[in-house]
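> how does the following fold in three dimensions:
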Amino acid sequence: MTADRPAPSTPDEPETGTTPVPADPVPAEVDGVVLLRTSSAVVAALAPAALLVVVALVLGPRLGDTIARHWSGDGAADGFSGTWSSFAVVAAIVAALTTVSIVAALTRRGRPSRLIAGGAASFAGLAACTWVATALATAAAPTPEEAVAGWTPALTLPGLAWGVVVGWLATGSGVRALPDVEFDDRASVRPADLRPGERLAWSGTTGSPVFVVMGSVVMALAIVVGAVLFVMGASSVVVYSAVLLLAGAAVLALGRVRLTVDQRGVRLVSALLGVRLLRVRLTDVAGVETETLDPMSWGGWGLRVSKRGTAYVTGRRPGIVVRRRDGSAVAVTIDDAESAASVAAALAQR
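From the prediction side, this is the model:
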């Protein structure tokens, strides 16, 4: 029996023994249309917070210390909260969600950022419009106990839908690489020596702290928003919280990933949540290369699907490109991509 051979490289940050040469700066230009849309997305993301403040200033003189917050039907209110204490809680939530939305709108990470920007804006609009609706109903009644919901709950619908506008506008910072610049420096790899009966494996981790922070913030907000909506009597609190929680988990899963190359194939798994993101069976491998992966040519940052294939990209960095027999490709930015590709090529040729 032949013992397993140690993997060529297993550390999280393998040392190559050579000094890396800094990449040349990426030529860039300002896209006026994208810059205008992004600026509009930032302004649109601020709209729920602005609405909340304006309504509080206008209705403040007509609101007392108590505000109606819950109705069991079409009759008078049956749940109440402190006017300004509830305003402070909602304002804090809206401010946090607005910050997440703006940061995501300014982060050029493609569809994930647009979804986060729009999702955060949706929940900010929902929270703001919920307080506005209760304030309008309370201000229209002689006393909070006599407040009738009437048409005001319908205000939550445009508030929730507002995120669609923000997500559509959010297209990045407005600075992009010149379209005629190519960053493809593909290199063939020499398969690792593998004798009959031997087993060979390679494993390494990579990731982006941006996804960790963004995912953690969104998941924390899901808990806070759920608690506040529950206190305010929202009947769909579970749905709202679940959607936001799943969105945060999806982003968090990309924060730290592990690439493994062994007899099971080439697999990319979330190191934080244990969810498998990509897999290529050895029988499907037609070729393996290394390449400096440029986000602009693979559809952006994060887990992307483009005309070139499926890729996990955390920046313009070296990576492994596995080409399937059906013509598609899977690419991952990873340290010591040469060793990973060498092992994958050897196992695929066995």
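> so where is the stretch 51-200 of the chain shaky, pLDDT-wise?
72-75, 107-112, 171-195, 197 (pLDDT under 70).
> which residue ranges of it form helices?
In the stretch 51-200 of the chain, the helices defined using DSSP state H, counting those that start in this stretch lie at 83-106, 111-139, 156-169.
> thought residue 134 was touching residue 71?
No - using Cβ atoms under 8 Å, residue 134 is not in contact with residue 71; the gap is 9.3 Å. For every residue, glycine as well, the C-beta is placed using N, CA and C.
> highest mean neighbour count out of the helices of the stretch 51-200 of the chain?
helix 111-139 (a mean of 26; mean count of other Cβ atoms under 10 Å).
> and that helix, what does it pack against?
Under the contact definition 3 or more Cβ pairs under 8 Å, 6 or more residues apart in numbering; DSSP states H and E, helix 111-139 sits against helix 32-59, strand 66-70, helix 83-106, helix 156-169, helix 209-231, helix 237-252, strand 302-306.
> please redo it, this time with the cut-off set to 6 Å
Applying 3 or more Cβ pairs under 6 Å, 6 or more residues apart in numbering; DSSP states H and E, one finds that helix 111-139 contacts helix 32-59, strand 66-70, helix 83-106, helix 156-169.
> can you give me the domain assignment for the protein?
29-175, 185-206+256-349 (automatic domain parsing).
> chain neighbours aside, what residue packs nearest to residue 286?
Closest residue in space to residue 286, ignoring its immediate chain neighbours: residue 325 at 4.5 Å, by Cβ to Cβ, 6 or more residues apart in numbering.
> and the residue nearest the centre of the chain, how close does it get to residue 259?
The centroid of the chain falls nearest to residue 251 when counting by Cα atoms, centre = their mean (3.9 Å). For residue 251, the distance to residue 259 equals 19 Å [Cβ to Cβ, to the nearest Å].
> now swap in residue 224 and tell me
34 Å.
> with residue 167 instead?
Taking Cβ to Cβ, one finds residue 167 at 30 Å from residue 259.
> tell me the pLDDT at the residue lying closest to residue 208 once chain neighbours are set aside?
Spatial nearest neighbour of residue 208, chain neighbours left out: residue 314 (4.5 Å); criterion: Cβ to Cβ, 6+ apart. Residue 314 is assigned a pLDDT of 87 by the prediction.
> phi first, then psi, for residue 314.
Main-chain dihedrals, residue 314, degrees, to the nearest 10: phi -110, psi 10.
> same question, the one 5 residues further on
For residue 319, the backbone dihedrals (degrees, to the nearest 10) come out as phi -160, psi 170.
> that one bridge partners, please.
Bridge pairing for residue 319 (DSSP bridges) gives the partners residue 291, residue 333.
> got a list of what it touches?
By Cβ atoms under 6 Å, 6 or more residues apart in numbering, the residues touching residue 319 are 293, 331-334, 337.
> pairing partners for residue 276 in the sheet, please.
According to DSSP bridges, residue 269 are recorded as the beta-bridge partners of residue 276.
> wait, it touches residue 269, no?
Yes - at 5.1 Å, residue 276 counts as touching residue 269 under the criterion of Cβ atoms under 6 Å.
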